[in-house]
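**Q** just a sequence and a predicted model for now, questions to come.
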Amino acid sequence: MKILSGTSNLNLSKDISKSLKLKLVNTNIKRFADGEIYIEINENIRGNSVFVIQSTSNPANDNLMELLLIIDALKRSSAKNITAVIPYFGYARQDRKVVPRTSISAKVVANLLTNAGASRILTVDLHAGQIQGFFDMPVDNLFTTPLFARYIKKKLKKKNLICVSPDVGGVQRTRGLATKIAADLAIIDKRRPAPGKSRVMNIIGDVKGKTCIIVDDIIDSGGTIVNAVAALKKSGAEDVYVFTTHGVLSGEAVKKIQSSKIKKLVITDSIDNSKKIKNHSKIEVLSISNLMAEAIKRISNSTSVSDLFN
Ligand code: R5P
């Protein structure tokens, strides 16, 4: 078994490599003058099972293309099988036609990965579970709920907790965490008047005097979370903590969070935000490197991955 990293999140790849006590494959990933990507693998990988680690985060198109070219290089170098390890799976939010004449980007990405030569996908908190069905190969989708539950129990030590889903689509994820920490459940009725804009219509559940834990898979512009926090505070919530797996954090998101009434935003390192969030006291990062390393080990040994969550 070998592990190899793209350039989107080298810090996470290095941590996974440390945890597995396995060196990253030596590669040469460069750009031509016009921006095209050049991939060269500097060691023999013939007959190996290779895990390629690459988040398809911003710049999504470049990082996706880099991943596809690495997979192609591995296939042409006679790797036995290729697992695309995609801690943050970009383009997942367009997973169906919500209005006529739109594309289903998650399916396009699935086709691209398949055609490039991937034989398995390993990812974390996929935006919608059904995306697994877009692939005709095994897809292992890891969950961060146990990581968040451990943090809440150890560090927050709060009573009167209520987990809040910021929209109807996130209820299953939120219920999972609520069960683990024995908290109540509330749901926000969110509407999107236009892409990238969100509005809170109603809060289903009683949050008055409670410590709210909002759970979401992605924080992008921050609009969903900042609006949810404001609505919860208006309804009498004591404190609001936010747990989000993927810190996309586009545009003014970090500023918005810093000036909102969020007590703390906890994200993971599925996307490298080390520069963006430096010196921002409200944002904390939990690492998924051990979780990913353990899953890679189990895939390689053909042992259960789901046991990690039981
Ligand atoms: C939506 O379905 C997702 O789970 C997130 O709530 C959404 O992508 C967050 O986007 P933003 O931070 O731009 O509101």
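**A** It's in.
**Q** what lies in contact with whichever strand or helix holds V50?
**A** Following DSSP states H and E, one finds V50 within strand 49-53. By C-beta atoms under 8 Å, 6 or more residues apart in numbering, the residues outside strand 49-53 that reach it are 1-6, 9, 12-13, 16, 25, 67, 70-71, 74, 79-85, 87, 122, 292, 296, 299-300. To be clear about C-beta, it is placed using only N, CA and C from the backbone, and glycine gets the same treatment.
**Q** just to be sure, which of the residues you listed are found in strands?
**A** Here DSSP state E is the test, and the contacts of strand 49-53 give K2, I3, L4, S5, N81, I82, T83, A84, V85, L122 as lying in strands.
**Q** and which of those residues is nearest to the ligand?
**A** Nearest to the ligand among those is L122, at 20.6 Å by C-beta to the nearest ligand atom.
**Q** need the pLDDT of the closest one.
**A** For L122, the model assigns a pLDDT of 98.
**Q** who does the strand holding V50 pair up with?
**A** Strand 49-53 has the following sheet partners, assigned by DSSP bridges: strand 2-5 (parallel), strand 81-86 (parallel).
**Q** out of those, which one sits most buried?
**A** Of all those, strand 81-86 has the most neighbours on average by mean count of other C-beta atoms under 10 Å, namely a mean of 26.
**Q** so how far is it off the chain centroid?
**A** Computed by C-alpha atoms, centre = their mean, to the nearest Å, the separation of strand 81-86 from the middle of its chain amounts to 16 Å.
**Q** residues contacting the closest residue to the ligand within the stretch 1-150 of the chain?
**A** Closest residue of the stretch 1-150 of the chain to the ligand, C-beta to the nearest ligand atom: R93 (6.0 Å). Going by C-beta under 8 Å, 6+ apart, R93 touches S105, A106, H127, I218.
**Q** where do the helices sit along this protein?
**A** 10-20, 60-76, 105-116, 145-151, 171-181, 223-234, 253-258, 289-301 (DSSP state H).
**Q** now tabulate these in TSV and tack on mean pLDDT, distance to the ligand and mean neighbour count.
**A** Formatted as TSV, those follow (pLDDT from 0 to 100; distance: least, C-beta to the nearest ligand atom, whole Å; neighbours: other C-beta atoms under 10 Å):
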stretch	mean pLDDT	distance to the ligand	mean neighbour count
helix 10-20	98	21	19
helix 60-76	98	14	20
helix 105-116	98	13	18
helix 145-151	97	15	19
helix 171-181	96	9	18
helix 223-234	94	3	21
helix 253-258	96	7	18
helix 289-301	98	20	18
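**Q** CSV for the ones you listed, including distance to R191?
**A** Output for these, formatted as CSV (distance: least, C-beta to C-beta, whole Å):
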stretch, distance to R191
helix 10-20, 34
helix 60-76, 26
helix 105-116, 22
helix 145-151, 26
helix 171-181, 16
helix 223-234, 10
helix 253-258, 19
helix 289-301, 34
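**Q** out of those helices, which is closest to A194?
**A** A194 lies closest, by C-beta to C-beta, to one member of the helices of the chain: helix 223-234, at 10.8 Å.
**Q** so which other helices or strands are in contact with that closest one?
**A** Contacts defined by 3 or more C-beta pairs under 8 Å, 6 or more residues apart in numbering; DSSP states H and E place helix 223-234 against strand 184-194, strand 197-204, strand 211-219, strand 239-247, helix 253-258.
**Q** how far does the shortest one sit from the chain's center?
**A** Right, helix 253-258. The chain centroid and the centroid of helix 253-258 are separated by 19 Å under C-alpha atoms, centre = their mean.
**Q** export it as CSV, just CAs?
**A** Backbone C-alpha positions of helix 253-258 (Å, rounded to 0.1, in the frame of the first residue of the first chain) are rendered in CSV as follows:
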residue,chain,number,x,y,z
ALA,A,253,-17.2,34.4,6.0
VAL,A,254,-14.4,34.6,8.6
LYS,A,255,-15.2,38.3,9.3
LYS,A,256,-18.9,37.5,9.5
ILE,A,257,-18.3,34.8,12.0
GLN,A,258,-16.0,36.9,14.1
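**Q** what's next to that helix, contact-wise?
**A** Contact with helix 253-258 is made by 219-223, 225-226, 265, 276-277, 280-283, as judged by C-beta under 8 Å, 6+ apart.
**Q** circling back: the helices and strands packed on helix 223-234: which one's closest to L20?
**A** strand 239-247 (21.4 Å).
**Q** so what strands line up beside the closest one?
**A** strand 211-219 (parallel), strand 264-268 (parallel).
**Q** re the thing from before, mind putting the strands paired with strand 49-53 into TSV with distance to the ligand?
**A** What follows is the strands paired with strand 49-53, written out as TSV (distance: least, C-beta to the nearest ligand atom, whole Å):
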stretch	distance to the ligand
strand 2-5	26
strand 81-86	17
